[in-house]
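Visitor: Just need the structure, nothing else, for what follows:
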Amino acid sequence: MNDKQSTYDSMMQRVAEYDDEDAFKYIFDDLYAPLCLYARRMVPPGAAEDIAQEVFVALWENRNDIIIETSLKGWLLTGTRNRCLNYIKRQAVRNRYNSYAAANINKRSKVSYVSYNSR
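Guide: Down below sits the predicted model:
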């Protein structure tokens, strides 16, 4: 384990044990930008920033219950990746729904128009 990772892990221990906001801020300030860059490889920039923020919110809200088996940075990267994949899945569902809705609106519009004109 390198010195930086050891620092993150000790800071996270302070966050979990003492609700140390300064230690959390240190982690956030140091890792937020790299998480955004990582997420941007998978999702649009605005979504990437939201996802990185969500991961840190989850870290803070669950600080007393989280069990980090490898490293804090690994936990954050995994959470970011999983949220990016969920985002991509949601977008695919939205796109399918929008395509389906658009196709059905066009069909209904033609039927309504034909029905209206035939009266």
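
Visitor: wait, A48 sits on P34?
Guide: No. Using C-beta atoms under 8 Å, A48 is not in contact with P34, being 11.3 Å away. Where you see a C-beta, it was placed from the backbone N, CA and C, and this is true even at glycine.

Visitor: So which of the two has more stuff around it?
Guide: A48 (22 against 14; other C-beta atoms under 10 Å).

Visitor: what kind of secondary structure is W60 in?
Guide: Local secondary structure at W60 is given as helix here, using DSSP: H, G, I helix; E, B strand; the rest coil.

Visitor: where along the chain do the helices fall?
Guide: Applying DSSP state H to the chain gives helices spanning 3-18, 21-40, 45-61, 72-117.

Visitor: The shortest one vs helix 45-61, what angle?
Guide: Taking axes from the mean of the first three to the mean of the last three C-alpha atoms, to 10 degrees, one finds helix 3-18 and helix 45-61 inclined to each other by 50 degrees.
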